[in-house]
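J.: Got a predicted structure here, sequence first:
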Amino acid sequence: MNDDFVYRALPKVPKDFAQSLYARISADNTLALPQPRRFPGIRSLRRWQVALIILGLILVVAWAQVVVFRIRYVPIGDLWLVEIARTTQNAPGANQATVFVPTPRQLPTVIIDGIVREAWYYDFLSPTWIPEGFSKVEVPPSMISYEESMGLWSNDAGERIRLYAVPQAGGMHPYAPSGIYEEVQVNGQPAILIYGRLALKKPSENSRKWDNALGFQLSWSLGESIYTLETFGSYLSEYDLIRMAESMKIAPRWSP
Amino acid sequence: MSALGKAKPLQLAASQNVDWESAYEELLPRVYHYFCLRTGDRLEAEDLTAATFERAWRDRERYRKDLGGFSNWLFGIARHVVITHYRQNHQEDPFEEPSTVENLRPTEDAATQQDEFERLAAMLALLPQREREIFSLKYGGQFSNRSIASILDLTETNVSTILHRVVTRLREQLEQK
């Protein structure tokens, strides 16, 4: 395509025009570089700056997840307390949190009918002191679960005290939000006293909130087991529970 | 800085690493020629060129290297400047197809000047808006066919076809004269 005639026709840039325009731009204060804004708008940000901000936000959210919602394991004596959030998502109707803590301790195994099974040796503890007004009642089937409900005491008002045990290895350890528990002693050994429990405020809710007023949970470890005494309201003091725990006598209950 | 005399050197736009002095020297002829071809008037081209560079210098912090080359950004301003210019002056868009060819043919005075640019400008005035814009970007702005296609949202083939047709027609008209 012969287009030389076009280039021949193009006028040269007048030299005085080029120089005067350049001088005008460089000398005109009104064309000075604008002052940087203290808070630049999103449109003035470079693409990498926007990416950096987004990455920072993601990191902050992740950090908040770890710090605010993290599950932390706190060793107390032979026990591992699981720190959880005050609000826990759970299926409607559930009345127990399911928090399992892996422990380095392994249960011994036994062979029963040719099958290798974990052997959970534990002792049946029977309290010799019981708060006034309470007497032992049959454990209803609804309370028998993975945990061994070893005893249930109730008074005329229907208020209850429950004793149960779980294996140390692979079992469900005590859990509570940070600051809602304290370390106490049962017969000179470390124990955990937890104030309240997770509770559903309404049956339709799918999350449970921690309620400090819903009794106590006193947990201590013995052998391969974690024992827990618990109440479900403010009808007993923590000292009653500790006294009850310290009054327990050991009696063999089960062996392979 | 041969063409710029002893003027105070323009500072670099540090954030984008644009050497304004070099950019000015390189792009001034391209912008000026673009306006010459678009308007057909040298003085008007000077005014629009000045307006383009002044605005570019004032808004230089807005230039984003990651969004395209500096020349594309500058010509974006240039195209906006010429549109605004005609709108503000309530002038007929020079790129509208003329109602008659006769009244836009080169005058006798222009013909006698034998000024090739005047003749070319007169012939360009007969072109439809889109063809003249493509022609101006190609021979004034020194853009490749691919860049023009990108700027005007056309296919590269379409740009090549139009340019070939326009240049052939212009050359034939020149030879007839």
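T.: Perfect, I can see it now. Numbering: from 1, shown residues only, chains lettered A, B, ... in the order given.

J.: what's near enough to touch the residue nearest the centre of chain B?
T.: What sits nearest the mean C-alpha location of chain B, by C-alpha atoms, centre = their mean, is residue B:34, with 1.7 Å. With C-beta atoms under 8 Å, 6 or more residues apart in numbering or on different chains as the criterion, the residues that contact residue B:34 are B:75, B:78, B:136, B:137, B:140, B:141. No exception for glycine: its C-beta is placed from N, CA and C like everyone else's.

J.: So it: helix, strand or coil?
T.: Per DSSP: H, G, I helix; E, B strand; the rest coil, the secondary structure class of residue B:34 is helix.

J.: before we move on, what about residue A:152?
T.: Three-state call for residue A:152 (three-state DSSP): strand.

J.: do the same with the one 4 residues further on
T.: Reducing the assignment to helix, strand or coil with three-state DSSP, the entry for residue A:156 is coil.

J.: burial measure for it, as a count.
T.: By other C-beta atoms under 10 Å in any protein chain shown, the residues close to residue A:156 number 8.

J.: what does residue A:50 give?
T.: 11.

J.: hmm, back to that, among the contacts of residue B:34, which one lies nearest to residue A:231?
T.: Nearest to residue A:231 among those, counting by C-beta to C-beta, is residue B:75 at 80.8 Å.

J.: Am I right that that closest one sits in a helix?
T.: Yes. Assessed with three-state DSSP, residue B:75 lies in a helix.

J.: any idea where the helices of the chain begin and end?
T.: In the absence of a named chain, this looks at chain A. According to DSSP state H, chain A carries its helices in the segments A:4-9, A:15-27, A:47-69, A:238-246.

J.: that's the wrong chain, I meant chain B
T.: B:20-39, B:42-58, B:70-88, B:108-113, B:116-124, B:129-139, B:145-152, B:156-176.

J.: and those, which one is worst for confidence?
T.: With a mean of 46, helix B:108-113 has the lowest mean pLDDT of the helices of chain B.

J.: ranking the helices of chain A by burial, who's on top?
T.: Comparing the helices of chain A by mean neighbour count (mean count of other C-beta atoms under 10 Å in any protein chain shown), helix A:238-246 comes out on top with a mean of 19.

J.: in chain A, what spans have low per-residue confidence?
T.: A:1, A:28-44, A:66-71, A:89-124, A:140-149, A:169-172, A:203-206, A:250-256 (pLDDT under 70).

J.: So which bits of it are right by chain B?
T.: A:1-3, A:5-15, A:17-19, A:21-28, A:31, A:33-34, A:44, A:46-48 (C-beta under 8 Å from any C-beta of the partner chain).

J.: hmm, back to that, for the contacts of residue B:34, which entry has the maximal number of neighbours?
T.: residue B:78 leads the contacts of residue B:34 on contacts (other C-beta under 10 Å) with 29 neighbours.

J.: Tell me the spacing between that one and residue B:146.
T.: Counting by C-beta to C-beta, to the nearest Å, the gap between residue B:78 and residue B:146 amounts to 19 Å.

J.: go on, residue A:220?
T.: For residue A:220, the distance to residue B:146 - C-beta to C-beta - is 79 Å.

J.: Then residue B:48?
T.: 25 Å.

J.: Which one of the two is surrounded by more residues?
T.: For residue B:48 versus residue B:146, neighbours defined as other C-beta under 10 Å are more numerous around residue B:48 (24 against 12).

J.: Now for the residue lying closest to the more buried one once chain neighbours are set aside: which residues touch it?
T.: In space, and not counting its chain neighbours, residue B:48 is closest to residue B:35: 4.5 Å by C-beta to C-beta, 6 or more residues apart in numbering or on different chains. Applying C-beta under 8 Å, 6+ apart to residue B:35 gives the contacts B:44, B:45, B:46, B:48, B:49, B:52, B:78, B:82, B:140.

J.: Thanks a lot, see you next time.
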